[in-house]
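In: Have a look at this prediction, sequence included:
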Amino acid sequence: MLTAAEMQRTESTFEQIPIIDLTPAHSSSPEARRELADLIRDACVNVGFFYVSNHSIPERVINTAIDGAKRFFALSTEEKMQLDIHASTNYKGYTALLAENTDPNNAGDLHEGFDIGPEGSSDAGKLPKTDAPMTGGNVWPSEKTIPGFKEDVLEYYESALNLGRTLFPLFAMALDLEEDFFTDKTQNSAAILRLLHYPPQEAKTSEKVIGIGAHTDYECFTLLYQDASGGLQVQNANGRWIDAVPIPGTIVVNLGDQFARWTNDTFKSTPHRAINASGSERYSIPLFFGTDYDVLLEPIRTCVSETNPPKYPVVQAGEYVRSRLEATYQ
Ligand SMILES: O=C(O)CCC(=O)C(=O)O
Ligand SMILES: [Fe+2]
């Protein structure tokens with residue numbers, strides 16, 4: 001008999017992104033968790049992207065966060081620029097339209113964003129420089145400007161963090177490691193949440209200005225809520241752009257470069273981009289879930305062999321993310 005993973009087998013030339021039901025993640029049966037980890041392994045090795053259903057982020061929490069994003073981006077440019085990310089020492093705050101350029105071949109991204117990290121850790125000055133991008137307080141609009149915004153966004157942040165914590169043991173099983181392999185490496189996870197707003201892209205906009213240019217993410221994995229507009233595209237091994245169509249009730253999970261490096265490319269960090277051709281405003285919320293910044297990304301033992309030697313120099317996780325953030329916001 002074929003296992004679920006064998007029946008749902010993907011390929012690197014995928015035309016569709018697999019959907020994985022996360023219900024067995026909480027099962028007391030090791031076999032059920034193993035079967036789920038096999039599905040996740042297949043998606044990670046071939047696609048680098050999958051949708052999760054039954055992901056446990058309540059719909060209400062998603063809706064209030066999206067509503068918060070709408071209220072935030074509706075503020076005047078002047079109000080938003082008071083929180084300019086370029087004025088922050090730790091990459092928190094507001095990114096204006098075209099202020100970011102994810103694909104160096106492009107001329108700017110047609111989105112605006114608002115970034116937060118862990119709330120309440122404002123001791124960045126005492127920490128080594130490599131820790132700076134993740135630590136330090138967030139900046140918020142005043143409570144009077146958008147009542148309830150901070151609470152709503154932080155509630156989503158906590159829910160998404162919980163989902164991320166559910167996934168690490170499954171990724172560990174998928175790599176034939178002990179289930180708790182990542183636990184001591186993700187005690188102070190560097191998780192950056194972005195609220196994103198993509199104005200509708202007019203047909204005449206140059207090809208060098210799209211919602212977000214082709215890129216790979218920096219951390220271990222990203223949990224992405226996207227609204228119903230559509231526009232996210234994922235590049236397969238043939239170079240074709242495959243639509244990651246919005247599927248109600250799901251969150252998109254994609255792997256990032258920390259995981260690709262750590263797993264010696266066993267897990268794929270797949271290029272993706274977004275073009276909002278819907279004719280209306282698009283909102284999305286990625287949460288970039290990384291390992292603790294002091295972890296050395298030495299190739300994981302099950303991912304190297306004599307015939308598969310290490311492909312990347314060893315870097316410290318925080319140092320790696322810092323270098324990518326610096327390049328993005330220079
Ligand atoms: O908005 C999206 O669908 C994708 C966003 C993204 O890829 C990113 O922020 O890294
Ligand atoms: Fe991305």
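Out: Noted; the coordinates are in hand. Ligands and ions are numbered 1, 2, ... in the order given.
In: Now for Gly137, how many residues are close by?
Out: By other C-beta atoms under 10 Å, the residues close to Gly137 number 17. C-beta coordinates here come from the backbone N, C-alpha and C atoms, glycine included.
In: State the distance from it to ligand 1.
Out: Taking C-beta to the nearest ligand atom, to the nearest Å as the measure, Gly137 and ligand 1 are separated by 22 Å.
In: what do you get for Lys185?
Out: Applying C-beta to the nearest ligand atom, the value for Lys185 to ligand 1 is 22 Å.
In: same question, Glu326
Out: 16 Å.
In: and if you look at Gln330?
Out: Distance from Gln330 to ligand 1, counting by C-beta to the nearest ligand atom: 17 Å.
In: Can you read off the pLDDT for that residue?
Out: The model reports Gln330 with a pLDDT of 70.
In: Also Val61?
Out: The model's pLDDT for Val61 equals 98.
In: residues in contact with it?
Out: The contact partners of Val61, taken as C-beta atoms under 8 Å, 6 or more residues apart in numbering, are Glu155, Tyr156, Ser159.
In: pretty sure it belongs to a strand, no?
Out: No: inclusion of Val61 in a strand is not indicated when DSSP: H, G, I helix; E, B strand; the rest coil is applied; the result is helix.
In: near ligand 1, which residues of the stretch 151-300 of the chain?
Out: Proximity of the stretch 151-300 of the chain to ligand 1, by C-beta under 6 Å from any ligand atom, involves residues Arg194, Leu196, Ile212, Asp217, Leu224, Gln226, Leu232, His272, Ala274, Ser284, Pro286.
In: mind listing what Glu35 touches?
Out: Going by C-beta under 8 Å, 6+ apart, Glu35 touches Thr3, Ala4, Ala5, Pro24.
In: Can you flag the buried ones in these?
Out: Burial by neighbour count, 16 or more other C-beta atoms under 10 Å: within the contacts of Glu35 this picks out Ala5, Pro24.
In: Check the contacts of Glu35 for the minimum pLDDT and say which it is.
Out: Among these, Ala5 carries the lowest pLDDT, at 70.
In: Just the residues of the stretch 151-300 of the chain next to ligand 1: which are in strands?
Out: Members of those lying in strands (criterion: DSSP state E): Arg194, Leu196, Ile212, Leu224, Gln226, Leu232, His272, Ala274, Ser284, Pro286.
In: I figured the fourth one was touching Thr250, is that so?
Out: No: between Leu224 and Thr250 no contact is recorded; they are 9.8 Å apart, counting by C-beta atoms under 8 Å.
In: Just want to know which of these two has more residues nearby.
Out: The neighbour comparison of Leu224 against Thr250 (other C-beta under 10 Å) goes to Leu224, with 25 against 21.
In: In terms of pLDDT, where does the more buried one sit?
Out: Per-residue pLDDT puts Leu224 at 98.
In: Pick out the residue closest to the middle of the chain.
Out: Thr222 (2.1 Å; C-alpha atoms, centre = their mean).
In: SS state for that residue?
Out: Taking three-state DSSP as the rule, one finds Thr222 in the strand state.
In: Tell me what it is bridged to.
Out: Beta-bridge pairing for Thr222 (DSSP bridges): Asn254, Phe288.
In: ok, back up a step: redo the residues of the stretch 151-300 of the chain next to ligand 1 as CSV? Include distance to Gln82.
Out: Below are these laid out as CSV (distance: C-beta to C-beta, whole Å):
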residue, distance to Gln82
Arg194, 18
Leu196, 19
Ile212, 24
Asp217, 28
Leu224, 27
Gln226, 28
Leu232, 30
His272, 31
Ala274, 27
Ser284, 24
Pro286, 24
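In: re the thing from before, among the contacts of Val61, which one sits closest to ligand 1?
Out: Distance to ligand 1 across the contacts of Val61 (C-beta to the nearest ligand atom) is lowest for Tyr156, with 15.0 Å.
In: Which other helices and strands does the least confident helix or strand in the chain by mean pLDDT contact?
Out: For the chain, using mean pLDDT, DSSP states H and E, the weakest element among its helices and strands is helix 4-7, scoring a mean of 73. When contacts are defined as 3 or more C-beta pairs under 8 Å, 6 or more residues apart in numbering; DSSP states H and E, helix 4-7 sits against helix 30-46.
In: Buried residues in the helix it packs on, which are they?
Out: Buried residues in helix 30-46, counted by 16+ other C-beta under 10 Å: 33-46.
In: tell me which of these is nearest to Gly136?
Out: Lowest distance from Gly136 to the buried residues of helix 30-46 (C-beta to C-beta) belongs to Cys44, with 31.6 Å.
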